[in-house]
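Asks: structure here, sequence nowhere to be found:
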């Protein structure tokens, strides 16, 4: 049951990430037209709740998606299975979430 | 023609033989020639010779195949052949593998039919064109030769993985409207050793001599286990 739920979570977050990555890349390509400055980026994101909501969803989806994908990689390539792999992956998920939220809040806060 | 044949168990080496080319010669003919004319100690397995029994599967130039249905002129490169045992199974001797784990996994995937009727009941009628019957037809012709299992990179990386043939069998039973134990079966095929371990490389489907698609069966099991999980029945 747990592994099936993980699989569903990974598929759902993959769908979310597919949209998020396209929007993110399109924004990058649009934003670098005519040069890229910190002021320009912050001008777009500071206090903008729409971008805040978008990147919160993006970070949350990545923090769920990446550890689930890393799980079989560790199992099949490093033969690392058992409880300590799961503990590591939970830490990895929280680390992604923590660093991601730091970045999102960093460009949102005035 | 120069033929290199695996000799030994897990440890061993390839031994070279010179075998004359014949018209319409199969790889099984080559192995049989070696055993009858050149080295009677060579161990290999076959029965029907016509692609019905599935017992002559080996690797030919690194690719898992039925040797009885593989013509030499399809696979020989520069008049050379390399013949070894199936991958992902313990070698007993030379070209003979121990198939126990392969078939034990069919049992672990609940490959046994469990119907609800007895000999005193009438036959259950299943319409040949019904959706479920057609899904069964798509996978039922598997003869258990283990070519898919030998070709599967996930089995190589994850020895607990049930493998394409066992999961294909489970999928035919999930679609069998007479079957009574599909809740248990879906539990047995979910998770790290089951359908969720498949990476959809499709080596099984590429190599299956019966042109079945275990990949499609495994995708079906993923859908069925997802539905069961969302209903809280897994």
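Replies: Received, thanks. This structure is a prediction, so every number in the text was calculated from the model and none was measured.
Asks: how near is the most centrally placed residue in chain B to chain A?
Replies: By CA atoms, centre = their mean, chain B has its centre lying nearest to residue B:146, at 2.4 Å. Shown here: residue B:146 relative to chain A, a distance of 21 Å by CB to the nearest CB, to the nearest Å. Using the backbone N, CA and C atoms, a C-beta is placed for each residue, glycine as well.
Asks: distance check, the nearest residue in space to that residue that is not next to it in sequence against residue A:32.
Replies: If you skip the residues right next to it in sequence, residue B:146 has residue B:102 as its closest partner in space, 5.1 Å away by CB to CB, 6 or more residues apart in numbering or on different chains. Counting by CB to CB, to the nearest Å, the gap between residue B:102 and residue A:32 amounts to 55 Å.
Asks: outside of stretch A:88-98, which residues touch it?
Replies: By CB atoms under 8 Å, 6 or more residues apart in numbering or on different chains, the surrounding residues in contact with stretch A:88-98 are A:59-60, A:62-64, A:66-68, A:70-71, A:74.
Asks: my guess is residue B:182 meets residue B:173, correct?
Replies: Yes - at 7.0 Å, residue B:182 counts as touching residue B:173 under the criterion of CB atoms under 8 Å.
Asks: which of these two has more neighbours?
Replies: residue B:173 (22 against 18; other CB atoms under 10 Å in any protein chain shown).
Asks: which residues are in contact with the residue lying closest to the more buried one once chain neighbours are set aside?
Replies: Here the nearest residue to residue B:173 in space, its sequence neighbours aside, is residue B:179; by CB to CB, 6+ apart that works out to 5.1 Å. Listed by CB under 8 Å, 6+ apart, the contact set of residue B:179 reads B:113-115, B:173, B:185.
Asks: mind running it again at 10 Å?
Replies: B:110, B:112-116, B:132, B:136, B:172-173, B:185 (CB atoms under 10 Å, 6 or more residues apart in numbering or on different chains).
Asks: now those as JSON lines including secondary structure?
Replies: Written out in JSON lines, the entries for the contacts of residue B:179 read as follows (DSSP: H, G, I helix; E, B strand; the rest coil):
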{"residue": "B:110", "secondary structure": "coil"}
{"residue": "B:112", "secondary structure": "coil"}
{"residue": "B:113", "secondary structure": "coil"}
{"residue": "B:114", "secondary structure": "coil"}
{"residue": "B:115", "secondary structure": "strand"}
{"residue": "B:116", "secondary structure": "coil"}
{"residue": "B:132", "secondary structure": "helix"}
{"residue": "B:136", "secondary structure": "helix"}
{"residue": "B:172", "secondary structure": "helix"}
{"residue": "B:173", "secondary structure": "helix"}
{"residue": "B:185", "secondary structure": "helix"}
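Asks: tell me which two of those residues sit farthest apart.
Replies: Farthest apart among these by CB to CB are B:112 and B:132. That separation is 18.6 Å.
Asks: at the geometric centre of chain A, which residue sits there?
Replies: residue A:62 (2.8 Å).
Asks: quick check: residues of chain A near chain B?
Replies: For chain A, the residues in contact with chain B under the definition CB under 10 Å from any CB of the partner chain are A:1-8, A:10-11, A:71-73, A:75-77, A:79, A:81.
Asks: ok, now with 8 Å
Replies: Proximity of chain A to chain B (CB under 8 Å from any CB of the partner chain) is limited to residues A:1-8, A:72, A:75-77, A:81.
Asks: okay if I get these as a markdown table plus secondary structure, neighbour count and pLDDT?
Replies: Conversion of these to a markdown table gives the following (DSSP: H, G, I helix; E, B strand; the rest coil; neighbours: other CB atoms under 10 Å in any protein chain shown; pLDDT from 0 to 100):
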| residue | secondary structure | neighbour count | pLDDT |
| --- | --- | --- | --- |
| A:1 | coil | 14 | 75 |
| A:2 | helix | 12 | 86 |
| A:3 | helix | 19 | 91 |
| A:4 | helix | 22 | 95 |
| A:5 | helix | 15 | 95 |
| A:6 | helix | 18 | 96 |
| A:7 | helix | 21 | 95 |
| A:8 | helix | 17 | 96 |
| A:72 | helix | 17 | 95 |
| A:75 | helix | 18 | 95 |
| A:76 | helix | 18 | 95 |
| A:77 | helix | 9 | 95 |
| A:81 | coil | 16 | 93 |
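Asks: for the residues you listed, which two are the farthest from each other?
Replies: Of all pairs drawn from the residues of chain A next to chain B, the widest gap by CB to CB lies between A:1 and A:77 and measures 25.8 Å.
Asks: need the strands for the chain, in chain order.
Replies: You didn't say which chain, so I picked chain A. Applying DSSP state E to chain A gives no strands.
Asks: let's do chain B instead
Replies: Ranges of strands in chain B, per DSSP E, are B:2-8, B:12-18, B:57-60, B:63-66, B:80-84, B:91-93, B:96-97.
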